[in-house]
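K.L.:
I would like to see how this sequence folds:
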Amino acid sequence: MNAHEQVQKLKGDLLKALERGERIEKYYREFCTKRTMLKDHDYDLVILAEIFVDYYTSLETAFVRVAKFFENSLDTAKWHSDLLERMIIDIPEIRPRMFSDQAYSLLLEFMRFRHFRRYYFQFDYDRDKMDFLEKKFLQVLVLVKSALNDYIEQIDKLSAK
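P.N.:
Numbering: from 1, shown residues only. Modelled structure (predicted):
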């Protein structure tokens, strides 16, 4: 595969991440319309937790593709946090940063939550914490969508050089 084809493949991976994010957002919006029926036993929090985890995991897949395309290595010791940190680093003449510091902060919350969700197997979520994450989720949806679209444009410019 030549360089142009590789860039197009990366672009396709990022477009797929955008598509997955939009599907998850659509699911979230539909869930919100039926949510009151589920609040009695905190079932809504279990569904919300899965939405957050799926959203972050789908983004992390895109981050891996970007890191491998440009740097081709990840530290195995704490690769999840290192990977996210790489997305805010601008590497001159190699690749631009993907996210703002604000988006990074929000994504960090979801990475931490996913870690908690995957390793502590609880269904008794703190409603206040979940309300906080939901507010952050609505913010991150906008920031990530914009950042991914901008990044795709920047990749196109880099490949044109």
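K.L.:
center of the chain, which residue is that?
P.N.:
L59 (3.1 Å; CA atoms, centre = their mean).
K.L.:
so which helix or strand takes in that residue?
P.N.:
helix 43-70 (DSSP states H and E).
K.L.:
residues touching the nearest residue to A3 once chain neighbours are set aside, list them.
P.N.:
Once flanking residues are discounted, A3 sits nearest to S159: 7.4 Å by CB to CB, 6 or more residues apart in numbering. Backbone N, C-alpha and C define where each C-beta goes, glycine included. Residues in contact with S159 (CB atoms under 8 Å, 6 or more residues apart in numbering) are A3, H4, V7, Q8.
K.L.:
From those residues, which land in helices?
P.N.:
A3, H4, V7, Q8 (DSSP state H).
K.L.:
closest to D44 among those residues?
P.N.:
D44 lies nearest to Q8 out of the ones in helices among the contacts of S159, by CB to CB, at 40.7 Å.
K.L.:
what pLDDT does that closest one get?
P.N.:
For Q8, the pLDDT comes out at 89.
K.L.:
In space, what's closest to it - neighbours in sequence excluded?
P.N.:
Using CB to CB, 6+ apart, the closest residue to Q8 is S159 (7.9 Å).
K.L.:
now the one you found: how far from P96?
P.N.:
13 Å (CB to CB, to the nearest Å).
K.L.:
just H80 next, same as before
P.N.:
22 Å.
K.L.:
Contacts only, for the nearest residue to M87 once chain neighbours are set aside.
P.N.:
In this structure, M87 finds its nearest non-sequential neighbour in M98, 4.2 Å apart by CB to CB, 6+ apart. Residues near M98 by CB under 8 Å, 6+ apart: F63, V66, M87, I88, A147, L148, Y151.
K.L.:
Let's see which of those end up in helices.
P.N.:
Per DSSP H, these map to helices at F63, V66, A147, L148, Y151.
K.L.:
about what we covered before: top of the ones in helices among the contacts of S159 by number of neighbours, please.
P.N.:
V7 (17 neighbours; other CB atoms under 10 Å).
K.L.:
Q154 is in contact with that one, correct?
P.N.:
No. With contact defined as CB atoms under 8 Å, V7 does not reach Q154; the gap is 11.1 Å.
K.L.:
Could you double-check that L143 lies in contact with L106?
P.N.:
Yes. If you go by CB under 8 Å, L143 and L106 touch, sitting 6.7 Å apart.
K.L.:
If you count surrounding residues, which of the two has more?
P.N.:
Between L143 and L106, counted using other CB under 10 Å, the more crowded position is L106 (22 against 17).
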